[in-house]
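In: Sharing a model prediction with you, sequence too.
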Amino acid sequence: MPIDGNEHESLFDAPVYFSQPTNSILFDRADLDAAMPDHDPNLFSLIEVMLRTRSQNTQDSHDLIGQVRHRIEEQFRDGTPQLGTTATKIGLTSWTLQRRLRDLNVTFNDLVRAVRRELAMRYVSEPHIPLTEIALLLGYSELSALSRAFRHWTGMAPAHYRRHHAKSIHRGPPHPTPAWLPGGVAG
């Protein structure tokens, strides 16, 4: 996350928010409905078939990875995410899930690490969640283990990141606290 988002806002000519749960760009409906100047209907018909096929392939891979990531995040609530539990919850055997992920050039452990990092970044950004609680939620045996991992990811300790993040004017809308944390809301 950059210290100052002014360059991003200038480039996009719009507000830019960092450390959000998802990456997205919002467009005005009018911009999406605008006609393409000098369009070529013949070229479009050729490209449309290729885009639909590519979109379906991408959607299939994103669906599996998205499902696995969602199940991993759920399992962090109760302990350490397990391949077998994840596979069962999405209706696959462990072996089939491993094979399908391998076909997408990712492993279950890669996804666990990525989700753990994203949750750590999100939770550390929330000043009302104690750092020791975050460590336990993410499967670390103690705060020092979380601190080492967090320093590896960001170059700074969680407490320093939290102080720096709180001062950032580019924070954006706050994340709701998950229902399973103290003070959380069901969503």
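Out: Sure, I can see it.

In: and the longest helix for this protein?
Out: Secondary structure of the chain read by DSSP state H shows that its longest helix is helix 41-76.

In: Alpha carbons only: can I get stretch 6-21 in PDB?
Out: Provided in PDB are the C-alpha atoms of stretch 6-21 (Å, rounded to 0.1, in the frame of the first residue of the first chain):
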ATOM      1  CA  ASN A   6      -2.500  11.000  -4.700                       C
ATOM      2  CA  GLU A   7      -0.800   9.700  -7.800                       C
ATOM      3  CA  HIS A   8      -3.300   6.900  -8.100                       C
ATOM      4  CA  GLU A   9      -6.200   9.300  -7.700                       C
ATOM      5  CA  SER A  10      -4.700  11.600 -10.300                       C
ATOM      6  CA  LEU A  11      -4.200   8.700 -12.700                       C
ATOM      7  CA  PHE A  12      -7.800   7.400 -12.300                       C
ATOM      8  CA  ASP A  13      -9.400  10.800 -11.700                       C
ATOM      9  CA  ALA A  14     -11.400   9.200  -8.900                       C
ATOM     10  CA  PRO A  15     -11.100   8.300  -5.200                       C
ATOM     11  CA  VAL A  16      -8.800   5.200  -4.600                       C
ATOM     12  CA  TYR A  17      -9.100   3.100  -1.400                       C
ATOM     13  CA  PHE A  18      -6.400   0.700  -0.300                       C
ATOM     14  CA  SER A  19      -6.500  -2.500   1.800                       C
ATOM     15  CA  GLN A  20     -10.100  -3.200   0.900                       C
ATOM     16  CA  PRO A  21     -11.500  -6.800   1.000                       C
END
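
In: And it, how far out from the chain middle?
Out: 17 Å (Cα atoms, centre = their mean, to the nearest Å).

In: ok, now stretch 134-149?
Out: For stretch 134-149, the distance to the chain centre is 19 Å (Cα atoms, centre = their mean).

In: Make residue 1 into 18 and carry on from there
Out: All set: I'll call the first residue 18, so the last point we hit is now stretch 151-166.

In: quick one: terminal-to-terminal distance for that stretch?
Out: 12 Å (Cα to Cα, to the nearest Å).

In: Sketch out the low-pLDDT regions of the protein for me.
Out: Low-confidence segments of the chain, defined by pLDDT under 70: 18-21, 36, 38-39, 70-79, 183-204.

In: Which residue ranges of it form helices?
Out: Using DSSP H, helices in the chain cover 23-29, 46-50, 58-93, 100-106, 111-120, 125-141, 148-154, 160-171, 175-184.

In: Nearest to residue 40, out of those helices?
Out: Comparing those against residue 40 with Cβ to Cβ, the closest turns out to be helix 125-141 (11.0 Å). Heads up, the C-betas are built off the backbone N, CA and C, glycines and all.

In: Lovely, talk soon.
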